[in-house]
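Visitor: Sharing a model that was predicted from the sequence below.
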Amino acid sequence: MSDPEEKAIPLAPGEHPPVPGAIKVATKDYAGTRHSARTKSRKQALDILFEADLRGEPIDRVVERRSQEGDTGVREYTAQIIAGYQSHQPAVDQHIAECLAGDWTLARMARIDRNLARIAVWELDNTTIPTQAAISEALELAEELSTDDSVAFLNGLLSKAAEARG
């Protein structure tokens, strides 16, 4: 196995390691994984929302910076998700908060899970995408990208969100 230092990625300007000595490394490459165009769009939207959340920046600034850095562009459905979430952000976040159990809050959720929930709840509440498709897409991405407990957590939260909308 190679030394992790060999695969270290430089930190972005203003980015700091979460703990002293931590390095930034590339994540697993899912290029060989076959996904539908919609799944790829959701993944791209997740990347953008996650980055904005992590950096505490407006979503538009993240998209602009990515473009300046040579990103190939935003997929059509990604743009719909991003614009839809931005225009419905208070309602989407409120709907998620109402579906959280006990002392859980949006801020307490894992960043990946929070943003997967945002995409799925926006789709549930504002599109004609079938409920099961919106939920299963979020769960598939959670299984690939988040913790072992995320799939069960998001399944419960999104099922509750789907029931609450009528």
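Guide: Noted; the coordinates are in hand.
Visitor: List the residues that contact the residue positioned nearest the centre of the chain.
Guide: For the chain, the residue nearest the mean C-alpha position is Leu46 (3.0 Å; CA atoms, centre = their mean). Contact analysis of Leu46 by CB atoms under 8 Å, 6 or more residues apart in numbering lists Ile112, Asn115, Leu116, Ile119, Leu141, Leu145. Using the backbone N, CA and C atoms, a C-beta is placed for each residue, glycine as well.
Visitor: for the strand or helix carrying Ala79, the distance to its chain's centre please.
Guide: According to DSSP states H and E, Ala79 maps onto helix 76-99. The chain centre lies 11 Å from the centre of helix 76-99; the measure is CA atoms, centre = their mean, to the nearest Å.
Visitor: Tabulate the CA atom coordinates of the following helix or strand past that helix in CSV.
Guide: Remark: after helix 76-99, the chain's next helix or strand is helix 111-126, criterion DSSP H and E. Extracted C-alpha coordinates of helix 111-126, given in CSV (Å, rounded to 0.1, in the frame of the first residue of the first chain):
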residue,chain,number,x,y,z
ARG,A,111,-22.7,17.3,6.3
ILE,A,112,-23.2,14.7,3.6
ASP,A,113,-26.4,13.5,5.1
ARG,A,114,-27.7,17.0,5.6
ASN,A,115,-27.1,17.9,1.9
LEU,A,116,-28.5,14.5,0.6
ALA,A,117,-31.6,15.2,2.7
ARG,A,118,-31.9,18.7,1.2
ILE,A,119,-31.8,17.4,-2.3
ALA,A,120,-34.3,14.6,-1.6
VAL,A,121,-36.7,16.8,0.3
TRP,A,122,-36.6,19.4,-2.4
GLU,A,123,-37.4,16.7,-4.9
LEU,A,124,-40.2,15.3,-2.8
ASP,A,125,-41.8,18.6,-2.1
ASN,A,126,-41.2,20.4,-5.4
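Visitor: report the angle between the axes of helix 111-126 and helix 76-99?
Guide: On the basis of axes from the mean of the first three to the mean of the last three CA atoms, to 10 degrees, helix 111-126 is oriented at 100 degrees to helix 76-99.
Visitor: what's helix 111-126 in contact with?
Guide: Taking CB under 8 Å, 6+ apart as the rule, helix 111-126 contacts 42, 45-46, 49-50, 53-54, 81, 84-85, 88, 91-93, 95-96, 106, 109, 129, 131, 134-135, 137-138, 141-142, 145-146, 150, 153-154, 157-158, 161-162, 165.
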